[in-house]
Structure formats: C-alpha cells, structure tokens
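Chemist: Got a sequence here, can you model it:
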Amino acid sequence: MSALRGELKASARLAFPLALAQLSLMAMGVVETWLAGRGGTHALAAVAVGAAVWSLALLALLGVLMAVPAFVGEAFGRGARERIVVIAVQAMWLGAALSIPLATMLWTAGAWLPALGVHPTTAAGAAEFLRPLALAAPAAACFMVLRGTGEGIGLARPTLYAASGGALLMLPVGAIALDGIGNWPGWGLFGLGFAHTVVLWLQTLALAALLRRHHPRASWRPQRLSPSWAELSALLRVGLPMAVTVLLEGALFVAAGLLAGRLGPEAAAAHQIAQISASLAFMLPLGLAMASTVRVAQTWGAGDLDGVRRAAVAAVFFALCAQTLSALLLVLGAGAIATAFGGEGVVAATAVLLLKVAAAFQFSDGLQAVANGILRGLKDTRVPMLLCALAYWGLGMPLGYGLAFAAGWGILGLWFGLAVGLSAAAVLLGTRVWRRLRAMRHDFQQRSHAGPAVILREAS
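Modeler: Now for the predicted structure:
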C-alpha cells in the first residue's frame, strides 16, 4: 500500500499542475473572444472562425508531439539521460517541419475560407486574425516539445508558470494591439492575432529558461544537431496515430456544433453552453491522462511492471474521483451555469438538460482519457486510434444524428449519441489497457531477464 500511496502522490504532483496549465492555455482564447466581442458581432464572428481554424492547427501539432513525453519518460525511467536531449532535438526538427504547412494554411486562409461557405465579411476578418498566427506555428511546436520534455522528466510546474504568465499577459497586450493606445489606433483583428503570436513566443522562451534552471547546462548540450530519420520515423510511428485520434475527437465536437446549428438558434446556444462547461470539466482528466502517460512511460523504461500497474491504478482512481466531483457540479449547478452564460427561457431549460447528459458521461469521458494516456505511455497508439474511430464515428455520431433528425429528439438526441460514443470508447480502451497489462505480466514471467523493450512488447 505504501508503494501505491507513493504513486498517487507522484501522479498528483504531475496531474494538477498540468490541468491548471491547460486551463491557462484555454484562458488565452477566452480573453481573445472577450476582446473581440467588444468590437461587435462581425469581429466576434471572425475571431470565432479564426480560433476554430487555429485550434485545429494546434490539435494536429499536439497530436504528433504528444509522443515526446512518452519517449522522454521511458528514457528517464531507464536512466538514459543523454537520450532525453536527443529526443528533444529530433522533436524540434519534427515540429519545425510540421509547422511549415500549418503556417502556410494560416497565411492563406483568406483564399480558402470563402470556399467553405464562410460569409465573405467573416472570412476576411478571420483571415486578418490568422495571418500573423502563421508566425506562431513554430512557437507552438517549440512550446509543445519543451513541454513534453519537461513532463517526461517529471517537471510540470514550468509549463504551468509559462502558461499562466501568458494568459495574464494576453489581456493588456491584446487590448493594446487590437484597439491601440494614446494616439496609436491599433491594428484591429490583425493586432489581436499578432498579440497572440508575441505572447506565445514569450511563453516558449520562458518555458525554455525555466527548464534550463532545473538541470546543469551540460545536460542540455546535444551531441548531434542534424536530423536523424531513424529518430524522426520512431516519433512519427507513435505520434501520427495520436494526431489522428485527437483530430477524430475534436472533429466529433466540431461536427456536433455544426449539426446543432441546423436545429435552430436555441438548440445551438444551449449546445454551446453545455459544450463549454463540459470542456472546462475535461481539463482535470486531461491533466490526469498526461500524467499517466509520463508515469507509465517512466516505470516502463525502468522495467518495473508493478510500477506500470500502480501508475494505471492511480490514474483510474483519480479519474473516478475527479469525474464524480464534475458530475455533481454539473447536475447540482446546471441552472446556475445556464444562467451564468446568459441562457434564458428555452435556451436555459435545454442547456440544463444537456448539462445533465454531460454529467452522465463524465465517468466515460474521464476513463477514456486516462486509458488513452496509459496506452500512450506504452507507445500503443495505432489500435487505440482504430478503437476511437469506431466509438466516435462508427457509433456515437451516427446514433446522435439518427436520434436528432430521424427520431425527432433534437439536440438531446445528438448529445445522447455523444454520450454513447464516449462510453463505448471508455469500454474499448479500458479493455485494451487490461489486455496489455495482462500480456505484460505473462511476458515478464516468461522472460524475466529480458530488457524492457522485449518484456513489454505490444499485445495485439
């Protein structure tokens, strides 16, 4: 029991700062939305579209570079400290390569947004906002690599400090760049995007400095700066399925928002209230999932099978506790939440129903998140990608669409489908974790003297 208590403490030290860091990163988007809202409906709509495009770009980067903490954590657990810098340098090359097409997409948004049916005025404003963010793509990649490296060696607070500092800085910098100061009129939406870019670069530099403080200078001096295809391909083999999984889940909620719009303004407004609330509630299990990736990777690298199992148990325990609290808050505070977001009449009543559905799938959402995190720590990403595709798009979305439109359940049917999809993902991924741990135990007993790469081979 003492070993399990130690694991619970180690996981908590990682998870809670990471969850707060995620909230801080979300806060930058909230500040941008608030600042744009002061400029009227057109500015708010333009930033909403631009923020959605920027979020998809970040998801693509995040998905691939989520492989970094798994690789770094394994090297850290194995005691191969020199490998950590090698992984970080190669991940920087990978991030730089990925940021080029993303930056191009952001810079040329004015050419392709109208083709998607976005209103010309909104598309023009969104393109103005996105153009300077093309310069932020490399900063986002660097930030994610540094963050993953820090998480892999058990340092979560530097990310929290950098993220929260950026959130605080975004308000004054964004306000000045948007509206100007004194006799300077500001740059409008271009200025808001430029402010985000400046703050993100400052966050990245701050995170690099904070990580450097925790280790001797020599430990961060790489022996090789040139790209290595062997290292890059290893990162891609693990990271690309992660990226697809992240995009599948992100696209699920984007599609739900678009479908909610077809059900009328009241349904769309209620959906937005419930989705924002569920997203905020998801930050804690997301932090737990990130922590479970690191803890599993570290114990796996050390060849400690019992440690892997303890890390998995700790992640599930914390997820159940966190989601119990989230579910209670969503149920008991549903009316207050709907009112706080400005919901009235039909919108408020519908939002209350959706918040109760969200409360019902809190356990599924938390468990599928930490199960994915555990499997990422074992570098098991391809099968989970297929399982998520099946749960989200093979079951959840078709069921939600059918209930919403064919069965006439409206927005409630759409959310019921989301709940079923997330629950199916939790069952499928949980079963995958159980099979992996059982197979690892069998292999450990059969090859007790083999290295961890052999003992902890993937179970199909």
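Chemist: helices or strands next to the helix or strand where E82 lies in the packing?
Modeler: Assigned by DSSP states H and E, E82 belongs to helix 81-107. Judged by 3 or more C-beta pairs under 8 Å, 6 or more residues apart in numbering; DSSP states H and E, helix 81-107 is in contact with helix 41-65, helix 67-78, helix 137-152, helix 229-262. In this view, the C-beta of every residue, glycine as well, is placed from N, C-alpha and C.
Chemist: Would you reformat those helices as a markdown table and include mean neighbour count, mean pLDDT and distance to P114?
Modeler: Below are the helices and strands packed on helix 81-107 laid out as a markdown table (neighbours: other C-beta atoms under 10 Å; pLDDT from 0 to 100; distance: least, C-beta to C-beta, whole Å):
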| stretch | mean neighbour count | mean pLDDT | distance to P114 |
| --- | --- | --- | --- |
| helix 41-65 | 20 | 84 | 11 |
| helix 67-78 | 26 | 93 | 36 |
| helix 137-152 | 26 | 95 | 22 |
| helix 229-262 | 18 | 89 | 17 |
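Chemist: can you tell me which of the ones you listed comes nearest to W187?
Modeler: Nearest of the helices and strands packed on helix 81-107 to W187, taken as C-beta to C-beta: helix 41-65 at 12.8 Å.
Chemist: relative orientation of the closest one and helix 137-152 in degrees?
Modeler: 50 degrees (axes from the mean of the first three to the mean of the last three C-alpha atoms, to 10 degrees).
Chemist: Confirm for me that I176 is in contact with G186.
Modeler: Yes. Judged on C-beta atoms under 8 Å, I176 makes contact with G186 at a distance of 6.9 Å.
Chemist: quick one: low-confidence parts of the stretch 201-350 of the chain?
Modeler: Counting by pLDDT under 70, the ranges of the stretch 201-350 of the chain that qualify are 215-223, 342-343.
Chemist: residue ranges for the helices of it, please.
Modeler: Per DSSP state H, counting those that start in this stretch, the stretch 201-350 of the chain carries helices over the ranges 229-262, 265-281, 283-301, 305-332, 334-340, 345-360.
Chemist: most packed of the ones you listed?
Modeler: Across the helices of the stretch 201-350 of the chain, averaging neighbours per residue (mean count of other C-beta atoms under 10 Å) puts helix 283-301 on top, at a mean of 28.
Chemist: what about that helix, distance to the chain center?
Modeler: The chain centroid and the centroid of helix 283-301 are separated by 13 Å, computed with C-alpha atoms, centre = their mean, to the nearest Å.
Chemist: which residue lies farthest from the center of this structure?
Modeler: N183 (40.3 Å; C-alpha atoms, centre = their mean).
Chemist: mind listing what it touches?
Modeler: Residues counted as contacts of N183 (C-beta atoms under 8 Å, 6 or more residues apart in numbering): none.
Chemist: next helix or strand past the helix holding E82?
Modeler: That would be, after helix 81-107 and using DSSP H and E, helix 109-112.
Chemist: List the contacts of the next helix or strand after that following helix.
Modeler: The helix or strand immediately downstream of helix 109-112 is helix 120-130, counting by DSSP H and E. Under the contact criterion C-beta under 8 Å, 6+ apart, helix 120-130 has outside partners 42-43, 45-47, 49-50, 53-54, 106-107, 109-110, 113-114, 118, 188-190, 192-193.
Chemist: try 7 Å this time
Modeler: 42-43, 45-47, 49-50, 53-54, 106, 109-110, 113-114, 188-190, 192-193 (C-beta atoms under 7 Å, 6 or more residues apart in numbering).
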